[in-house]
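*Asks:* Quick one, what's the 3D model for this:
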Amino acid sequence: MNHMEISTSTTAATPLQKRFGLATAIVVSATVLMSAPYASAETEATSPKPVVTDVKTLASFDFTAGYSPENITANPDNSLTVSMLGSVAGKRPALVRIDPSGRSKVIVAGQQGDTFTGNTRDRKGVIYYNVASSDASRAGVWKLPPGGTPRRVAALPTDGLPNGLALDPTGRTLYAADSNKATVWSVPSSGGTATAWLTDAALAANPSAPFGANGLRFHKGAVWVSNLAKGTLLRIPVTASGAPGRIHTVTSSLTGVDDFTFLNDRSDVVFAAQNGLNQVALVHPDGTTETVLTAKDGLASPTSTAVRGNRLYITNAGLNEPHDAKVQRGTIDPAALNCGPTS
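*Replies:* As a prediction, this is how the structure comes out:
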């Protein structure tokens, strides 16, 4: 594995860095400005007691060195795999492993100008991750086998922005959300050509928020995608032929939504990071939502969530001053979920 540290040297921003950094700044400001009229009290549910408690910082990072947490996978050994953006600070991206005590180690250091976004793993411990790059030789989905070296699985367009990433239960197909192209790509995990599995207006961005399709999870026979620009969470069944079924909008009440995760493999309860609002929302199976964490809990541009057991993990990119980039850990109280038997 590559254990190189991220370079702290200053280099002129590449087009990709400028695009990602500008888009991030616009998203943060736009979601804050539209939060008041957009959030719907009619879809808000409340719990009699806190759903997530004992929220603490597991690991803190230096934003100025490129350590801006973007995406997270909770591993069977209770460690975490975290993607570091790099480009928002003009630095190199990285994959970092965080052990249960909070100690972190770089396992892959990327190239200057690139951005690491979504990551996931298979049952054998192979890590897959997205690389957004203006260099056609690097843009795409990559894999890191245990004890091995990174290699690209499939190329993706340099004018796209691969974001959320998930693997289907068979371990054969990866799905990547493209925030620029209103597309979900399918990629053979063994390597090959990426295919535009679904391109649809429901995945598109808009002028006020340049990120469309953002987070992505494969859950109970369907690809679930969040759309930051529209504040939606979408469920797209995978048909027997492997093609996408009809898009179902689970909720339209997630202003500034980034990535998300499920309570567990059997539950449709979702914990969604609302980046620009500094919130984590709980989405009930019927589509109603409630805010379970806010800036008062220390959130600082939350980008994604992960659950293992009763632990909720949150990556915070630290996009705004004082750039409090970190990974937090909280405890979920199942009795407070108030989601009924379908949870």
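
*Asks:* Not counting sequence-adjacent ones, nearest residue to Asn275?
*Replies:* Nearest in space to Asn275, with sequence neighbours left out and distances taken as CB to CB, 6 or more residues apart in numbering, is Asp258 at 4.3 Å. Glycine gets a C-beta too; all of them are placed from N, C-alpha and C.

*Asks:* Touching whichever strand or helix holds the one you found from outside, list them.
*Replies:* Using DSSP states H and E, Asp258 sits in strand 257-262. Applying CB atoms under 8 Å, 6 or more residues apart in numbering, the contact partners of strand 257-262 are 71, 118, 163-164, 214-217, 219, 224, 226-228, 231-233, 268-275, 281, 283, 302-307.

*Asks:* Read off the pLDDT value for Pro48.
*Replies:* With respect to pLDDT, Pro48 scores 71.

*Asks:* What of Ala209?
*Replies:* Reported pLDDT for Ala209: 87.

*Asks:* Which residue is most remote from the mean position of the protein?
*Replies:* In the chain, Pro48 marks the outermost C-alpha relative to the chain mean, sitting 28.9 Å out by CA atoms, centre = their mean.

*Asks:* Could you measure from the residue nearest to Asn130 when sequence neighbours are not counted over to Ala109?
*Replies:* Computed as CB to CB, 6+ apart, the closest residue to Asn130 that is not its neighbour in sequence is Pro162, at 3.9 Å. If you measure Pro162 against Ala109 using CB to CB, to the nearest Å, the figure is 19 Å.

*Asks:* Kindly report the same for Ser267.
*Replies:* From Ser267 over to Ala109 the distance is 36 Å, taken as CB to CB.

*Asks:* ok, those two, which is more surrounded?
*Replies:* Under the criterion of other CB atoms under 10 Å, the comparison of Ser267 against Ala109 puts Ala109 first, with 21 against 17.

*Asks:* hang on, that one packs against Val96?
*Replies:* No: with contacts counted by CB atoms under 8 Å, Ala109 stays clear of Val96, the gap being 9.7 Å.

*Asks:* which residues sit in contact with the closest residue to Asn316 other than its chain neighbours?
*Replies:* Nearest non-adjacent residue to Asn316, counting by CB to CB, 6+ apart: Ala300, 4.3 Å away. Neighbour list for Ala300: 278, 316-320, 323-326 [criterion: CB under 8 Å, 6+ apart].

*Asks:* Asp62: which of these is nearest?
*Replies:* Lowest distance from Asp62 to these (CB to CB) belongs to Ala325, with 7.2 Å.

*Asks:* How about that closest one, nearest residue that isn't a chain neighbour?
*Replies:* Excluding the flanking residues, the one nearest Ala325 by CB to CB, 6+ apart is Gly318, at 3.3 Å.

*Asks:* Show me what Ala176 bridges to in the sheet.
*Replies:* Note on Ala176: beta-bridge partners by DSSP bridges are Leu165, Trp185.

*Asks:* No further queries at this time; thank you.
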